[in-house]
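**Student:** Next comes the sequence, and after it the predicted model I'd like to discuss.
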Amino acid sequence: MVAEKRRDVAQRTHCGSTMTAGPHHRIQAETVQMGYNRGAEGKDVFNSGLRIGRIFGIPIYLHVSWFLIFALITVSIAGYYAQTYANWSEWQRWVLGIITSFLFFGSLLFHELAHSVVALHYRIPVVSITLFVFGGLARIGREPSQAKQEFNIAVAGPLSSYLLAGIFYGFEQLTPGVEMAGALFGWLAFINFALATFNLVPGFPLDGGRILRAIVWGWTKDYTRATRFASRGGQLFAYLLILLGIVVTLQGAWGSGLWLVFIGWFLLSAAQEGYAQVAIRNTLRGLRVGDVMSSELPTVARSISLEEYVQELLRTGRRCHLVVGDGQLLGLMTVHALNRIPREDWSRTSVQAVMLPREKIHWTAPEEPVLGILERMQSEDVNQMPVVDGSRVVGLVSRDTILRVLQTRLELGKMGELAEH
Ligand SMILES: [Zn+2]
């Protein structure tokens, strides 16, 4: 029964530790409609949780779903203590339940930090770490450029969890006779061991799937094929979980059963997403900013009010303008900047007061690859960039434009495939 209960908690939480790499996430939000990644205007919901701090410069977020899972885990652990240590008071088991739950999420954070530190070592930016319903998620700014890097980033997570399991086991051994400490450390040792082991399942997007992809990638030198392979592994494992969930549900344990189905479904969509990312990569490969930029350069005068600016937006439908004065480029004005100002202040605020000033603009060049610019837009959180050639502004490139190009190419690609068969 004890083991049964422990396993139950393990199933509830341990799926989480997945890493996702960045740029395509936004695209996914629009094309694949991943359930967990949707937000207003394609804004990533993972960046809109409660920010609880920064570690190594990485912002740490609690997603709204975390509060639910924290409560569920605490109830579950307190229930396990109630069954195992009948002599404990209500107060004892709840307090220890809450402490265990916090340390458990601390362990998840430690796991994600392990991935992140290795990524940072390779100068790969880490956008954020989020704790959410399925565990933890470290978002890295770009895909590793070498198989060895991917291998090391992926393997760091499970290794860190095994390390924690060992440490907690050591604490358990060091506190004989202290029943509450023994219970706490014993549970944490078990759960970290289970977390590491679950994540080593060789199916993308689990760490084991990334390790598998790194190995196949290193071997075949073919990133696309490696991803397809690891993603198939992930889908197979996801279907097995769903099947197991259905069997468990039919046997009457519908709580655990449905949870397994839910986790399976989550892994399935994430595995398919991994596959879609490769399709996107292939589709955009070889394209440069110069190919997709708009060379029309809409400008507005710095002195006009925001109300007049809105008129300009409504008239032209353009969402981004260069701000000029005395023949000089002064800044960049966007709908995003406009929306930061309350509507009642629009008539008495000038464009110059809210624009992104020239020195803060992120620039690109016509020869920069489109995939690279998407990654930069993601990690710098901007939607538009002016394109400079030498010292001249020659165009504007926006996330919307790139998405449109992507969509068209994917559609035409499908038509091309149909025509071939
Ligand atoms: Zn991991």
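**Tutor:** Okay, I see it. Numbering: from 1, shown residues only.

**Student:** Isn't Leu406 up against Ile280?
**Tutor:** Yes: shown here, Leu406 and Ile280 form a contact pair, counting by CB atoms under 8 Å, at 6.4 Å. C-betas here are computed from N, CA, C, even on glycine.

**Student:** What segments of the stretch 1-150 of the chain are helices?
**Tutor:** With DSSP state H, counting those that start in this stretch as the criterion, the stretch 1-150 of the chain has helices at 2-13, 24-31, 64-84, 90-121, 147-174.

**Student:** what's the least confident stretch among those helices?
**Tutor:** Here the lowest mean pLDDT among the helices of the stretch 1-150 of the chain goes to helix 24-31, at a mean of 26.

**Student:** Where does the record place the domain boundaries for this protein?
**Tutor:** According to automatic domain parsing, the chain comprises the domains 34-200, 223-284, 289-408.

**Student:** Tell me which of these lies nearest to the ion.
**Tutor:** Nearest to the ion, of all the domains of the chain, is domain 34-200, at 2.8 Å by CB to the ion.

**Student:** The closest one and the ion in contact?
**Tutor:** Yes: on the criterion CB under 5 Å from the ion, domain 34-200 is in touch with the ion at Gly157.

**Student:** mind checking how far that domain is from the chain centre?
**Tutor:** Remark: domain 34-200 is offset 15 Å from the chain centroid, using CA atoms, centre = their mean, to the nearest Å.

**Student:** Restrict stretch 258-268 to CA atoms and write it as CSV.
**Tutor:** Output of stretch 258-268 as CSV, limited to C-alpha atoms (Å, rounded to 0.1, in the frame of the first residue of the first chain):
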residue,chain,number,x,y,z
LEU,A,258,-7.5,9.6,-16.0
TRP,A,259,-4.3,11.2,-14.8
LEU,A,260,-2.2,8.8,-16.8
VAL,A,261,-4.4,9.5,-19.9
PHE,A,262,-3.9,13.2,-19.3
ILE,A,263,-0.1,12.9,-19.0
GLY,A,264,0.0,10.6,-22.1
TRP,A,265,-2.0,13.1,-24.1
PHE,A,266,0.4,15.9,-23.0
LEU,A,267,3.4,13.9,-24.0
LEU,A,268,1.8,13.0,-27.3
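
**Student:** Okay, buried residues for it please.
**Tutor:** Neighbour counts over stretch 258-268 (16 or more other CB atoms under 10 Å) mark Trp259, Leu260, Val261, Phe262, Ile263, Gly264, Phe266, Leu267, Leu268 as buried.

**Student:** circling back: any chance of the helices of the stretch 1-150 of the chain in CSV with mean neighbour count as columns?
**Tutor:** Rendered in CSV, the data for these read as follows (neighbours: other CB atoms under 10 Å):
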stretch, mean neighbour count
helix 2-13, 16
helix 24-31, 20
helix 64-84, 17
helix 90-121, 20
helix 147-174, 19
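
**Student:** May I see those helices arranged in TSV, with distance to Arg210 as well?
**Tutor:** Formatted as TSV, the helices of the stretch 1-150 of the chain follow (distance: least, CB to CB, whole Å):
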stretch	distance to Arg210
helix 2-13	20
helix 24-31	15
helix 64-84	23
helix 90-121	9
helix 147-174	4
